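**Q** Here you go, sequence then predicted model.
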Amino acid sequence: MSTFSKHIFFSFILCLLFLQLQGQSDLPKGFLKIKNDIFWDAQDGHPIYSQGGGIFSFKDPEDGQTKYFWYGAKYQESEKYRNNPSVTPERDNFVSVTCYVSTDLVNWTSYGDVLTLDEFNRNYTQTRWAGRLGVAYIKEIRKYALLIQHNDQLLVTLSERPNGPFKWHQRIDMTAMIGTSNTGDQTVFTDEDTGESYLVYSYGRGRNKIYISQIGVKNGKVGLLDCNMVFKGEGREGNCMFKHNGKYYLFASNLYGWDSSFAYYLVSDHIYGPYTPTNEMLILEGTEVDYAHVTQTGFFVTLKGTKKETVIYCGDRWANFAGNGLGYNQWCPLSFDGQKPIFNSLSSWSIHPTTGEWQVNSDNNYVKNGSFEADRRHIPSPVKPVQEQLLGWQTSIIKGNKLSVSDSLSPVLNYFNTVEDRTQVIGEKSLQINDKIDFKRKVSQIIQSSQHVKLVDGKYTLSAKFKRSSGFENLYMYALSNGKTYKQNLIKADQHWSNVTLENISIKNGRVEIGFMASGKANAYCHIDDVTLISAK
């Protein structure tokens, strides 16, 4: 990396840290800010490393107060990617299970490592994989059980305290229960109405079955008391669940590895089902435009406030292995239309830890898939997922080769950023505008108020980063609202990334169309990344 690039990169990181620390003072009294698309820190300023875990309510042995305990895995690559997100590490290397505690779900204090690789090594020859974990209180023995995937089996560890240390108890070969020794993916769910905890997991091969098992003591050992298959159909992973208004919601994702996907769900009146629709999971509304804010289903936490019960979707962004943006934890509030859950993809919002109310912050970015990280392959893609358009965006070919998943002449709508690119823009991918022949094209996105998230009328700023070749007759960024069009040319033809900004956009009637217009000669190109639309307040 050049000295100039290093300067740009570290300036970028410092800017992100500043944005993370600021902003609480301009919120209404009692509301606390949750900022996505950045790396999170604990209250002491040290990084939060917590992936593939869950949040549970336990009494803190330090003061006896009931608090939120957040457990998750730390990998060597978590630290590497945070320090240099221009490079995507090739694999995972488990370090420990971490624990953080909070009274408000926003300000977290680290309790350090509660299960370490050393504990594994004392009891087993080699750990190839450890992750997907949760903690349950076992009232019969007054101990806490941490269940975690370990290589090809399920590992149970125990502790006298919720903040560890957890010690090796037993490994469970799941073959007798489900036919594979391992679980596909898993989380721990605790029903607060009954105090009982359950393991939610999928079949180890193909993930085409989902099971729920109660956690308890059997034959003197902490393990699984039963095995109930609640789904059989398409392969699913990222299994997790929550309870709302007496109904159980079972969630999962597509089999996309470290990449993001739709969030799917089923609903039941009983923990063991039957879940509906039968063996046919529904797509969570709101996750289709940017794959659940570029995440995989992780877990849920419910804040039962004095005025509102808010369910928070806690998505895993496996950016350290997929290179798809910044931050490992992306939290977004759910809304409900009757019993139908709705996902609100927000980059910045606030929660009131007492009342349970939430609101959109003034610095929220209303653009969906603005860094183009939701699309896991070159688009159009003829393979899983078969896809012609970029998520959240509409490309209209006015002149040039048509879009097709099966035609080699089709334009490719996204560009895979180089390491050098990624010192200046976020993530592995960006928008690409080019063609093999002369072309004219519009790439657009309509942003408008929804029932639960309003695009408030007022002044906004649209911005992006771009680099381009020569050969364009016309190339500009635009915003269209209430019949008025705002334009800004992308003038500079350069191999380096430049900023483009449109200020004082007057949005009315809760609707705006944003995008890019291009007329170019054959093989001219423009790459665009990090598109934002933010209130000018």
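**A** Okay, I see it. Numbering: from 1, shown residues only.

**Q** Give the ranges of residues in the protein that sit below the confidence cut-off.
**A** Applying pLDDT under 70 to the chain flags the ranges 1-25.

**Q** which residues in it form helices?
**A** Counting by DSSP state H, the chain has helices at residues 3-21, 76-83, 117-123, 175-178, 291-294, 319-322.

**Q** Go through the chain and flag its longest strand.
**A** The strand that spans the most residues within the chain, counting by DSSP state E, is strand 494-507.

**Q** Tell me both backbone torsions, phi and psi, for the closest residue to Ile283 other than its chain neighbours.
**A** Once flanking residues are discounted, Ile283 sits nearest to Phe262: 5.0 Å by Cβ to Cβ, 6 or more residues apart in numbering. (Each C-beta comes from the backbone N, C-alpha and C, glycine too.) Phe262 adopts backbone torsions of phi -60, psi 150, taken as degrees, to the nearest 10.

**Q** Contact partners for the residue nearest in space to the middle of the chain?
**A** The centre of the chain sits closest to Thr295, judged by Cα atoms, centre = their mean, with a distance of 2.7 Å. The contact partners of Thr295, taken as Cβ atoms under 8 Å, 6 or more residues apart in numbering, are Ser260, Gly315, Asp316, Arg317, Gln330.

**Q** Distance check, it against Lys35.
**A** Distance, Thr295 to Lys35, by Cβ to Cβ, to the nearest Å: 15 Å.

**Q** for Ser463, same thing?
**A** Remark: distance between Ser463 and Lys35 (Cβ to Cβ) = 18 Å.

**Q** who has more neighbours, the two?
**A** Neighbour count, other Cβ atoms under 10 Å: between Ser463 and Lys35, Lys35 has more, with 23 against 19.

**Q** leaving aside the residues next to it on the chain, what's closest to the more buried one?
**A** Ser348 (5.2 Å).

**Q** I figured the one you found hits Tyr366, correct?
**A** No. Using Cβ atoms under 8 Å, Ser348 is not in contact with Tyr366, being 10.3 Å away.

**Q** Compare neighbour counts for those two and give me the winner.
**A** Applying other Cβ under 10 Å to Ser348 and Tyr366 shows that Tyr366 carries more neighbours, namely 24 against 19.

**Q** Not counting sequence-adjacent ones, nearest residue to Ala522?
**A** Nearest residue to Ala522, sequence neighbours excluded (Cβ to Cβ, 6+ apart): Ile437, at 4.9 Å.

**Q** pretty sure that neighbour is touching Asn401, no?
**A** Yes. Checked against Cβ under 8 Å, the pair Ile437 and Asn401 is within contact range at 6.3 Å.

**Q** For Ser481, give the beta-bridge partners.
**A** Residues in a beta bridge with Ser481, per DSSP bridges, are Lys484.

**Q** State the distance from it to His452.
**A** Per Cβ to Cβ, Ser481 is found 21 Å from His452.

**Q** So between these two, which is more surrounded?
**A** Legend: neighbour count by other Cβ under 10 Å for Ser481 and His452, higher for Ser481 (22 against 16).

**Q** show me what contacts the more buried one?
**A** Ile505, Ser506, Ile507, Lys508, Asn509, Arg511, Val512, Glu513.

**Q** same deal with Ala522?
**A** Ala522 sits next to Asp435, Lys436, Ile437, Asp438, Phe439, Gly471 when contact means Cβ under 8 Å, 6+ apart.

**Q** Give me the distance between the residue lying closest to Val95 once chain neighbours are set aside and Asn93.
**A** With sequence-adjacent residues excluded and distances taken as Cβ to Cβ, 6+ apart, Val95 is closest to Lys74, at 4.6 Å. Distance, Lys74 to Asn93, using Cβ to Cβ: 10 Å.

**Q** Check the contact between Gln424 and His496; I expect there is one.
**A** Yes. Assessed by Cβ under 8 Å, Gln424 is found in contact with His496 at 7.5 Å.

**Q** buried set for stretch 47-58?
**A** Going by neighbour count (16 or more other Cβ atoms under 10 Å), the buried part of stretch 47-58 is Pro47, Ile48, Tyr49, Ser50, Gln51, Gly52, Gly53, Gly54, Ile55, Phe56, Phe58.
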